[in-house]
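Colleague: here is my input; please provide its structure:
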Amino acid sequence: MNASGGSLIIDTISTEANAGSAISDITMSYTHTHPVNPWVSGVENTTELLIGNRLITYDVAIDTDNQGEVAVAYGFTDSDNTGTLALSYQFEGIISDNVFQDNGADTGFLPSLVIDSQGALHIAYINETSQMVEYLTNSSGTWDVVQLGSAVVYSGPEGITGTAITLHPTTGAIHVVATAHDGTNHNLVHYTDETGTWIDNTISNTVEDDGYSPKVVIDGDGNIHSVYHSNPLEIKISSRINGIWQNETIPGLSSNSGKNLDMVIDSQDVIHIIGAADTYSHVYSGTLGNWAGHSLGTPAFYPAIAVDSNDNLHAVYHVGQPKKLMYTNYISGTWSTATQIDDAGWTIGIDIDDNDDLFVAHSRSTPSIELRLTSHQGTGQGLATNPIFEVSPELPDGLTMNWRNGTISGTPTEGHANTTHTVTVTAFGTTTSETFTLMVLEAPDISYAGSPFTFTKNSTVNVATPTNIGGVADSWTVISGTLPNGVTLDSSTGELVGTPTAVSTVHSIVIQATNPAGSGFTTIQITVQDEAPDISYPGSPFLWTKGTHTINAPSNDGGSSTSYSVTSGTLPAGIFLPPGSGYLIGTPTAVYATASVTITATNSAGSSSTTVSITVQDEAPDISYAGSPFTFTKNTEVVGETPTNAGGAVSTWEIHPAASTLPSGLLFGPSNGTIYGTPTAVTSTATFTVWANNSADDVSTTISITVQDEAADISYANSPFTFTKNDPVSGETPTNSGGVPDGWEITPDISISIPGLSFNPANGVITGTPTAVTSAVMFTVWANNSADDISTTISITVQDEAADISYAGSPFTFTKNDPVSGETPTNV
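Modeller: Numbers count the residues shown, from 1 in each chain. Take a look at the predicted model:
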């Protein structure tokens, strides 16, 4: 491009505005001075075949670019009887055809097409299989497709659904409209990527059945206008004016205003709409709320319309019997007589290139199936100067530039630092630039991100800096409410500073920030909470005793704590920390080696931790000797009289008097307090004190020990005894190899069982003179003492005494043969 094409004059080179107030329009004028070659048509009035033997479905779409490229998008029915999208492309006389793979989908219906300033193609169409409108582009260097949203293919007496696409001449934003169906009615949906991501919005009246045959254009101010018709046939237009969609019905020339619509917008932002109605084509021209209609006065179908650089209108349409493609134009307020430019004309699309030459893409079905391109020379008036205005960097929100005339207007909604903007005008392949400065003063728009604030008593406020997304504030003031004691508002920065000195409930405060553009207000809430706790436990390090109740209160030099908790370590078993009081309380149930425990006190301001050292020693011993007072027996081993301990473990044992004073043969276990051994001598009762010692206490108990004699061990050497009647028993004395008996007993009673005998209970001796013969009698003799009652068994038999005989007649003198009558002895 040439560096300069003409003269650009901006009426105001420096503008200062206030946000929220409309600016005075910044206008500019451009005069093109760079030489422009005399106009020469670049085409012949001719028709050429783009592609044959394809059944075209519904619309075709055509666009041209500034390099002489012509692109035609169309859908056709392929060999598997489904729709397919194709692109026919002509450049420098060479025609190429591209069929897009559809993987069996029924797609490519109702395409629309636009070429951007870089020569990239943008196509919208409907995929009937997925019932989605899809967007296809090669702007990245490869073909990419995006599914935008729900859409339907429909052709009936009510009309034909469709798509339309356009792009903003300076921003490159894509705008697509497509017919959808909500289950009840058809309606029209607008899609755009102008925010960087695709967004959509239903723009027609959803309670009506409409959105048929849509088309879309962009005016110089960047407003979007989409025309479509409803059922019944009324022409509707939805326009996005300054970001707000509004709908309007265009008054028709007949009860059926038109269908098969097409739409263009000229350099003066006048909208021109063409449509077929009652077999005639009608053209409606105007602006929102102000329309004029004109009938072309002849049967016409599938009309299409375009506008050249001089704002001349060019219309084509189809008539039947015979089938013809007709052309007419509107120059100097008059429509020309229509002329035939080809013999087809189904599914027509028209475009005018940068040289004002016409290109018409259309199909015919007989005698062959073809897609044709008809070229038609322009009017010969020459090219009008229709510059495109661009501004850099971007204007603040709320201001727009009309890309047709450069006028900057609107109401800025944000502040804008004093900035030099460059306006660039493009015309006839040349660019011209000029600059202006713009500054938008904005009233402060303030907030305090931390509100509602919670400050802490005695802590410096350091988190209360305002956020201002508006204009710089010159001053800050509190206009309602009272700040907490110790806190102030910095009048130059709006920062809340200071140190609160007292706890306080919620303060509601209105702060005002002011500059020449106005004031900003915000309401904040402030609460001053107590300072964080500052705790300690005065008794630490703690030495507690197992089984002994303890209670230990914390000391707090800070704010009141709302809860206490153990945050490190473990309390001894039986000790608790109530979260409300922080007391260490309870009765330890187990010995606990010295350990550190961290306790944290918390309130809304924060927390304070302290570490205490805790040791739980064992409880004092609690000893006793179950057998005390002890009576041991001489020469009988004491295996171990072990004390019972119901208290803490014993570290050492002692006995007083010393263990050496224990009865002979007894010992004391210094590791367990056991008394053991074999006493060797009878000992009278002695008292001893036994001590069980540990870290908790030295505890004692008193025991007494007596050593009694051992049990008797008796026998009668001559048992079994055989005594003789009337012979004195001088004394059968028992033998005792054991302890001395305290008493003797015999059973049964010997004096009864054997008359004449007696038993001495003092020594166990049997004496007397048995007076009667007695068969063997078994007796049990008991020798008793404190050690035991010991018995032995004896047997006593009393035999008769020896005979004492004499013969009184002796010496006897007997006579021979005289009987002796009986000399009987005498036995005394």
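
Colleague: outside of the one helix or strand residue 598 maps to, which residues touch it?
Modeller: If you go by DSSP states H and E, residue 598 is part of strand 592-603. Applying C-beta atoms under 8 Å, 6 or more residues apart in numbering, the external contacts of strand 592-603 come out as 529-530, 532-533, 535, 537, 541, 544, 554, 556, 559-573, 577, 582, 607-616. Using the backbone N, CA and C atoms, a C-beta is placed for each residue, glycine as well.

Colleague: now stretch 330-338
Modeller: Contact with stretch 330-338 is made by 283, 294, 296, 298, 312-315, 317, 326-329, 379, 381, as judged by C-beta under 8 Å, 6+ apart.

Colleague: one more pass at 10 Å, please.
Modeller: 272, 281, 283, 285, 294-298, 300, 305, 307-308, 310-317, 319, 324, 326-329, 379, 381 (C-beta atoms under 10 Å, 6 or more residues apart in numbering).

Colleague: list the contacts for residue 71?
Modeller: When contacts are counted by C-beta under 10 Å, 6+ apart, residue 71 touches 61-65, 87-91, 98, 113-115, 119, 121, 123, 351, 359, 361.

Colleague: quick one: buried ones out of those?
Modeller: 61-65, 87-90, 113-115, 121, 123, 351, 359, 361 (16 or more other C-beta atoms under 10 Å).

Colleague: buried among the contacts of stretch 330-338? Make that a PyMOL selection.
Modeller: Here is the PyMOL selection string for the buried members of the contacts of stretch 330-338, based on 16+ other C-beta under 10 Å:
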select buried, resi 272+281+283+285+294+296+300+305+307+308+310+311+312+313+314+315+316+317+319+324+326+327+328+329+379
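
Colleague: residue 458 contacts residue 485, doesn't it?
Modeller: No - using C-beta atoms under 10 Å, residue 458 makes no contact with residue 485, being 11.4 Å away.

Colleague: who has more neighbours, those two?
Modeller: Counting neighbours by other C-beta atoms under 10 Å for residue 458 and for residue 485 shows that residue 458 has the greater number, 17 against 14.

Colleague: my read is the more buried one is in a strand, agree?
Modeller: No - applying DSSP: H, G, I helix; E, B strand; the rest coil, one finds residue 458 to be coil, outside a strand.

Colleague: beta partners of residue 240?
Modeller: Beta bridges link residue 240 to residue 224, residue 245 when assigned by DSSP bridges.

Colleague: pLDDT at it, what is it?
Modeller: If you check residue 240, the pLDDT there is 98.

Colleague: repeat that for residue 365.
Modeller: pLDDT, residue 365: 70.

Colleague: look up how far residue 57 lies from the closest residue in space to it that isn't next to it in sequence.
Modeller: Nearest residue to residue 365 in three dimensions, chain neighbours excluded: residue 346, at 6.4 Å (C-beta to C-beta, 6 or more residues apart in numbering). From residue 346 over to residue 57 the distance is 11 Å, taken as C-beta to C-beta, to the nearest Å.

Colleague: please narrow the contacts of stretch 330-338 to those residing in strands.
Modeller: Among the contacts of stretch 330-338, the residues falling in strands (DSSP state E) are 272, 281, 283, 285, 294-298, 305, 307, 313-317, 319, 324, 326-329.

Colleague: same question for the strand holding residue 598, mean pLDDT?
Modeller: Mean predicted lDDT for strand 592-603 stands at 93.

Colleague: hmm, back to that, what's the overlap in contacts for residue 458 and residue 485?
Modeller: In contact with both residue 458 and residue 485: 499-502, 528, using C-beta under 10 Å, 6+ apart.

Colleague: of those, buried ones?
Modeller: Buried residues within these, counting neighbours by 16+ other C-beta under 10 Å: 500, 528.

Colleague: among the shared contacts of residue 458 and residue 485, which one sits closest to residue 150?
Modeller: Closest to residue 150 out of these is residue 528 (56.6 Å), distances taken as C-beta to C-beta.

Colleague: neighbouring strands of the helix or strand hosting residue 779 in the sheet, and parallel or not?
Modeller: Element membership of residue 779 [criterion: DSSP H and E] is strand 774-784. Counting by DSSP bridges, the strands paired with strand 774-784 are strand 743-747 (antiparallel), strand 789-799 (antiparallel).

Colleague: any idea which of those is most buried?
Modeller: Across these, averaging neighbours per residue (mean count of other C-beta atoms under 10 Å) puts strand 789-799 on top, at a mean of 17.
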